[in-house]
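Asks: okay, predicted coordinates and the sequence, questions at the end:
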Amino acid sequence: MEVKIDPRIIRTRKLLMDAFIKVTRKKDFKDITIRDITDEATVNRATFYSHFQDKYDLMDAAITEEILESIVKHLNHYDKLNEETIVNIFFTLTEFHTKKRTEYPPQCKTSMEPFNSIIEQKIKKELGNYFILYY
C-alpha cells in the first residue's frame, strides 16, 4: 500500500528549498539565517522547523532533490541500464556539478566551497541508488 503525502507538505518543502537556493545566490552560506529563508519563502519559523531541523538539513534536501530532478529529467526515457545510459548519467551529473560551481556570484562561491564535498557525496549516493534500482 502506497502512502500518499499531502500535497501541501510537498508544496511547502519545495517552497522552502527554492527560497534556500535563491538566498544562497545572494549571501554566503555561513551568513544565511532561518529568518532569511522563511522571509523569502513567506512562511513562519514553526513551519520551517516542521519540515527541516536546520539550514544544513534543508541544504541536504535541496541538493538531493536537485540531483534527483536532474537524473530523472535527463534519463527518464531510458528503460534499461546499458552503456548509453551510463554515459548519459555521467554527463548529467557532470553538468549538474559544473552548474553548481558556476551559478553562484563570486562573493558566494567561497562560502559554497566547503559544500562541494557534500555535493559530491550526494551525487555518489544518488548514483549508487540509481544503479541499485536498475540492477
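Replies: Perfect, thanks for sending it. Given the structure is predicted, the values throughout are model-derived calculations rather than measurements.

Asks: contacts, neighbours, all on C-alpha from now
Replies: Noted.

Asks: hey, which helix or strand in this structure has the poorest pLDDT?
Replies: Sorted by mean pLDDT, DSSP states H and E, the helices and strands of the chain end with helix 106-112, the least confident at a mean of 52.

Asks: poorly predicted segments of this protein, please.
Replies: For the chain, the stretches with pLDDT under 70 are 1-2, 70-81, 96-97, 99-116, 126, 130-135.

Asks: hmm, 50 instead?
Replies: Counting by pLDDT under 50, the chain contains low-confidence residues at 107-108.

Asks: all helices for it, in order.
Replies: 7-24, 34-41, 45-51, 55-75, 83-102, 106-112, 116-134 (DSSP state H).

Asks: could you dump the ones you listed to JSON lines with mean neighbour count?
Replies: Converted to JSON lines, the helices of the chain look like this (neighbours: other C-alpha atoms under 10 Å):
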{"stretch": "helix 7-24", "mean neighbour count": "17"}
{"stretch": "helix 34-41", "mean neighbour count": "18"}
{"stretch": "helix 45-51", "mean neighbour count": "14"}
{"stretch": "helix 55-75", "mean neighbour count": "16"}
{"stretch": "helix 83-102", "mean neighbour count": "14"}
{"stretch": "helix 106-112", "mean neighbour count": "15"}
{"stretch": "helix 116-134", "mean neighbour count": "14"}
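
Asks: setting aside sequence neighbours, what's the nearest residue to Lys122?
Replies: Thr64 (6.5 Å; C-alpha to C-alpha, 6 or more residues apart in numbering).
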